[in-house]
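In: mind folding the following:
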Amino acid sequence: MTLHWIRHQTLTSWLQQHGQLLAANDKILLTDTALTGLPAERVCNNAIYSLSEESSLAPLPDYVEPLDDKQWLTLVLDCPQQLTW
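Out: Here you go, the predicted model:
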């Protein structure tokens, strides 16, 4: 299981470029500018998260789950591999 931490690309463009790297149980964390321009509907079957402190700045689609600090730490510890994009 890999955590793909997307920071400086939109989710749609990242999926077009790197979507083939996603395994069924991989997770996606969106922060920074990756939280802009999100599609209204889910575009992949992977779990998608954001940090709750960043999520409160703008409304996000329902498929993006906000995480507090404790939940974020649990996510990172549960994913043996992390890639930052």
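
In: so what secondary structure elements neighbour the helix ranked longest in the chain?
Out: Counting residues, the longest helix found in the chain (DSSP state H) is helix 69-78. On a contact count with 3 or more Cβ pairs under 8 Å, 6 or more residues apart in numbering; DSSP states H and E, helix 69-78 meets strand 27-30, strand 47-51. (C-beta placed from N, C-alpha, C; glycine too.)

In: pull out the buried residues from it.
Out: Under the neighbour-count criterion of 16 or more other Cβ atoms under 10 Å, helix 69-78 has 72, 75 buried.

In: which residues are in contact with that helix?
Out: Helix 69-78 has contacts (Cβ atoms under 8 Å, 6 or more residues apart in numbering) with 1, 3, 27, 29, 49, 51, 67, 82.

In: so which of those wins on neighbours?
Out: residue 29 (23 neighbours; other Cβ atoms under 10 Å).

In: I'd guessed it sits against residue 50; true?
Out: Yes - between residue 29 and residue 50 there is a contact under Cβ atoms under 8 Å: 7.1 Å.

In: got the contact list for the helix or strand of the chain with the lowest mean pLDDT?
Out: Lowest mean confidence among the helices and strands of the chain (mean pLDDT, DSSP states H and E): helix 52-55, at a mean of 84. Contact with helix 52-55 is made by 31-32, 35, 64, 66-68, as judged by Cβ under 8 Å, 6+ apart.
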